[in-house]
Each structure stands twice: as C-alpha cells, then as structure tokens.
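J.: Below: sequence and its predicted model.
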Amino acid sequence: MAGKITRPRPNKDRLRRTMMFMNAQRPGLIKDAYIYGCDSIMLDLEDAVAVNQKDAARFSLYHALTTIDYGDTEVIVRINGTDTEYWQEDVRVCVAGGADGIRIPKCESAEQVKEVEAAVEAAEKEFGVEVGRTLLMAALESPLGIMNAYEICTASDRMLGCAISGGDFRTSMRVQIEPDGIEINTARSMMLLAARAAGVQCLDTMYPNLDDEEGFRREVDLIVRMGFDGKSLINPKQIAYVHERLAPTQKQIAHSEKIVRSCREQADAGVGVYVVDGKMVDPPFFKEAERIIELAKKCGVYHGDL
Ligand SMILES: CC(C)(COP(=O)(O)OP(=O)(O)OC[C@H]1O[C@@H](n2cnc3c(N)ncnc32)[C@H](O)[C@@H]1OP(=O)(O)O)[C@@H](O)C(=O)NCCC(=O)NCCSC(=O)C[C@@](O)(CC(=O)O)C(=O)O
Ligand SMILES: [Mg+2]
C-alpha cells in the first residue's frame, strides 16, 4: 500500500510501564491513542470485540496499523485464544500490518506459545517481514497459566514478557477483587519469580473500577513495591500515576549516583564493601544503583552526568 507506515524494529527491553487496552474496532479509541503517552497500546481483538464483529475488527486493525503513525508508542495486538477459530487469521493480519508484538490471551502452556510462534513465522515469510521481528507476550489468566509461567516465558526467543489478567484469573479462582489484593498476590509473586528467572518483563493486571481512584493508587503502590515493570490499563486517566510511581525518585537517584561514583573510587582503591550514608554497600548494591540510574534515564527524570 502506498504510504504504508513502517515501524522501527521492536525492542524487547524497552520501557513498558503502561500498556493500555482498546477495542481494535473502535476508531474513536484507536485513531489517536498515541497522544496519551502510554508506553504501549494494546489493540484488542479478543474479549472487547463481540463474536459477530471479529472480521470487522480485523479490518479495522489492519487499517490502523498501516495508516496511523503511533510514533514511539509500542503497538501490541491481543489476538483471540488459540482454542478459537479466529487466532490464526488474527496473527496474519498483525504481521501483515507490522504490529510490534502479539499478546497471547489465556496462555497456559509453552506449547501454545510455540504454536503462535510458528504461525507468526509463517506470516512473516508470507508477507516479506523480517523473520523474528514480531515479539510475543503471554497473558496468564488461570491457575494453570501461573503454574507454567516459567516454561511459558522461556518458550520462545520472541517473548518480551508476561502479564497477569485479574478478571479471568479471579473468575477461575472463584474470588472477587479485594482492596489488599489477598486473592491474587500469591499468583503475582509466582509470576514475578518466573519472569525474573526467565529474564523477561512482568506486567500487572488492569484495574477495572474506573471511579475508584484511591483503590487504583493503592494497587499501583503495591505492584511497584513488588517489583513489576508495568501494568495493563483500560483508560488514559490511569497512565500518569503509574509513570510517576515507576520512575525513580530524585532521592533514589541522588543516593544511587553516590553509590555508583564511590564504587568506582573504592574499586580503584581495592575496597569491596564500605558505607554510604550510613548503609553498607557491596556489589549487589552497585548493580541496583546502576539499574536505577538507567531506569531514570529511560523515564526522562535523570539530569546528572553519569
Ligand atoms: C472503559 C471505557 C469504555 C470508558 O470509556 P469512557 O469514554 O467512559 O472513558 P472516558 O474516561 O470518558 O474517556 C476519556 C477520553 O479517553 C478516550 N479513551 C477512554 N478509554 C480509552 C482507551 N482505552 N484507549 C484510548 N482512548 C480511550 C475516550 O474516547 C475519551 O476521548 P474523547 O472522547 O476524545 O475525550 C474505555 O475506557 C475503554 O473502552 N477501555 C478499554 C476497555 C477494554 O478494552 N477492555 C477489554 C480489555 S480488559 C479484559 O479483557 C480483561 C482481561 O482480559 C485483561 C487482561 O488480560 O489483562 C482480564 O482477564 O483481566
Ligand atoms: Mg481476560
């Protein structure tokens, strides 16, 4: 197609603090979604799209992928589940349109990932797209998905990460959303361990109660402390607080700078463990300080010279 948008090669390790869902069939949502500044948009072909609208949503998706310049905003598509009749055509359209990545919903096994990977590779060859370009991620929405998280995360080199999906997960556990997350925190922790062991990113679930700002903030505070890389969202008003909480604070940055600088000096002097601001530091602290500086740079809140 003349003037077709071509996106840069996707980056597995980019910032994914916020991944915002939108129905791929709703022009009002997808036409300018990049203006809100989330890191990734999630064009949905699965549960947001009624069963009798699947073909229409795919056409709308292809048009959006090939004509809208989403700029730096990553473009991920949630395909239909591998137990449906829709997912293979979904994959062809995602790849033909040049989506950055595909989210596999209700993923429960490494075999499902490999099945999608094979379909993606076939589509890349069919449409002349560089083989390996299209990334994958898995939504873990059931106890079995959580139990198999490590195998799922390591099933393909294309895997950028995984995300827990609270709606379906709570349904399968026969529980409701609770203010402290007691019904889902074990699963969050298990998924985090698996993702870190696999070396991929880990995203929290969306928060459905749009009018409950306090509950949303409480959940974001929790998942930041747990160590998540980001969160699935459903509305633009949820973006700013996640970005704010996932960026290192100036206090953390100043302390990390001190550690990184002193570490270099102490290493030259042959010292491995010492004290900064009353706290012992040694190699794991240096590594963490360097990570915080790098994260601050990516979040645009670093103004130093390291
Ligand atoms: C909830 C609502 C209808 C409210 O609409 P409202 O219009 O009342 O919202 P307002 O705040 O008034 O909008 C102000 C302005 O922002 C624009 N705007 C709003 N939302 C936007 C958006 N998402 N993207 C771009 N633009 C947006 C809007 O167009 C307006 O623009 P304008 O008119 O120009 O001022 C809307 O947000 C929405 O559709 N959300 C996504 C819902 C969805 O896709 N659910 C399925 C995925 S979850 C799932 O399946 C569960 C899961 O699988 C998840 C997992 O796997 O993790 C599991 O198991 O847990
Ligand atoms: Mg779901």
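T.: Structure's in. What do you need? Ligands and ions are numbered 1, 2, ... in the order given.
J.: Now stretch 119-135: buried residues?
T.: Across stretch 119-135, burial judged by 16 or more other Cβ atoms under 10 Å covers 119-121, 123-124, 129, 133-135. Yep, even glycine has a C-beta here, placed from its N, CA and C like the rest.
J.: residue contacts, the nearest residue to Gly37 once chain neighbours are set aside?
T.: Spatial nearest neighbour of Gly37, chain neighbours left out: Ile239 (6.3 Å); criterion: Cβ to Cβ, 6 or more residues apart in numbering. Contacts here follow Cβ atoms under 8 Å, 6 or more residues apart in numbering; on that basis Ile239 touches 18, 20, 36-38, 233.
J.: Buried only: go through those residues for me.
T.: Neighbour counting with 16+ other Cβ under 10 Å marks 18, 20, 36, 38, 233 as buried within those.
J.: The last one reaches Met19, doesn't it?
T.: In other words, Leu233. Yes - Leu233 is within contact range of Met19, at 6.8 Å (criterion: Cβ atoms under 8 Å).
J.: which residues do these two both contact?
T.: Among the neighbours of Leu233, those also in contact with Met19 (Cβ under 8 Å, 6+ apart) are Cys38.
J.: before we move on, back to that, just the closest of the contacts of Ile239 to Pro283, please.
T.: Thr18 (32.0 Å; Cβ to Cβ).
J.: Distance check, the closest one against Ala99.
T.: 18 Å (Cβ to Cβ, to the nearest Å).
J.: For this structure, which residues are neighbours of ligand 2?
T.: Residues of the chain found near ligand 2 (Cβ under 5 Å from the ion) are 141, 165, 167-168.
J.: how about the residues you listed, which pair is most distant?
T.: By the measure Cβ to Cβ, Glu141 and Gly167 form the most distant pair in the residues of the chain next to ligand 2, at 7.7 Å.
J.: Which of those two has more residues huddled nearby?
T.: A count of neighbours by other Cβ atoms under 10 Å puts Glu141 above the other of Glu141 and Gly167, at 24 against 13.
J.: what about the residue of the chain found nearest ligand 2, is that helix, strand or coil?
T.: Of all residues in the chain, Asp168 sits closest to ligand 2, at 3.8 Å by Cβ to the ion. Look at Asp168: counting by DSSP: H, G, I helix; E, B strand; the rest coil, its state is helix.
J.: excluding its backbone neighbours, what's nearest it?
T.: For Asp168, ignoring the flanking residues on the chain, the nearest one in space by Cβ to Cβ, 6+ apart is Glu141 at 3.7 Å.
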